[in-house]
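S.K.: Dropping a prediction and its sequence here:
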Amino acid sequence: MSLLDIGVLSRRSGVPASTLRYYEEVGLIQSRARRGLRRQYGEETLTQLMLIFLGKTAGFSLQEIGEMFDKDGAPNLPRPVLHERADALECQIRRLAALKDTLRHVADCPAPSHMQCPHFQKLLRISQRELD
């Protein structure tokens, strides 16, 4: 069984050692041993870290991500939850694409002032509804 020193794991994963220690503290990963004061991790921890990164990118909390691992650290990804998150991301993508298109229009709008641009006025109304 090959073990990775915390510094090696940090370099290979791109995750700072302080974050690795925090992930261990909250139960997302587990060290296998210690060499002096330095934690040693199994190779499978790299896969766990990739899944944590993907989960965070998808908007899952660390607690939600932790619930997607079995006690032994093996991934146990709940498909219905993943479908729900994918649907939410699809909705967010559509909203962001509409916002991007509106901003591009406003940036190029020939109106003398942004406040005279109908698309900008629409963007303001949509923003107001989101605040209410």
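M.R.: Received it, and whenever you're ready, just let me know what you need. Residues are numbered from 1 along each chain as shown.

S.K.: Quick check on Gln40: phi, psi?
M.R.: phi -120, psi 140 (degrees, to the nearest 10).

S.K.: What average pLDDT does stretch 115-132 get?
M.R.: Across stretch 115-132, the average pLDDT comes to 77.

S.K.: what does it rub up against?
M.R.: The contact list for stretch 115-132 (Cβ atoms under 8 Å, 6 or more residues apart in numbering) reads Leu99, Thr102, Leu103, His105, Val106, Cys109, Ala111, His114. No exception for glycine: its C-beta is placed from N, CA and C like everyone else's.

S.K.: end to end, how far does stretch 111-124 reach?
M.R.: Using Cα to Cα, to the nearest Å, the end-to-end distance of stretch 111-124 comes out at 16 Å.

S.K.: roughly how far out does it sit from the chain middle?
M.R.: 34 Å (Cα atoms, centre = their mean, to the nearest Å).

S.K.: How about stretch 21-40?
M.R.: Here the centre of stretch 21-40 is set off from its chain's centre by 22 Å, with Cα atoms, centre = their mean.

S.K.: end to end, how far does it reach?
M.R.: So stretch 21-40: terminal residues 11 Å apart, Cα to Cα.

S.K.: now stretch 111-120
M.R.: Stretch 111-120 has an end-to-end distance of 10 Å (Cα to Cα).

S.K.: tell me which residues of that stretch are tucked away?
M.R.: Cys117, His119, Phe120 (16 or more other Cβ atoms under 10 Å).

S.K.: Check stretch 44-55 too.
M.R.: For stretch 44-55, a neighbour-count test (16+ other Cβ under 10 Å) marks Thr45, Leu46, Gln48, Leu49, Leu51, Ile52, Gly55 as buried.

S.K.: which non-adjacent residue is nearest the second one?
M.R.: So that's Leu46. Closest residue in space to Leu46, ignoring its immediate chain neighbours: Ser13 at 5.9 Å, by Cβ to Cβ, 6 or more residues apart in numbering.

S.K.: Many thanks, we can stop here.
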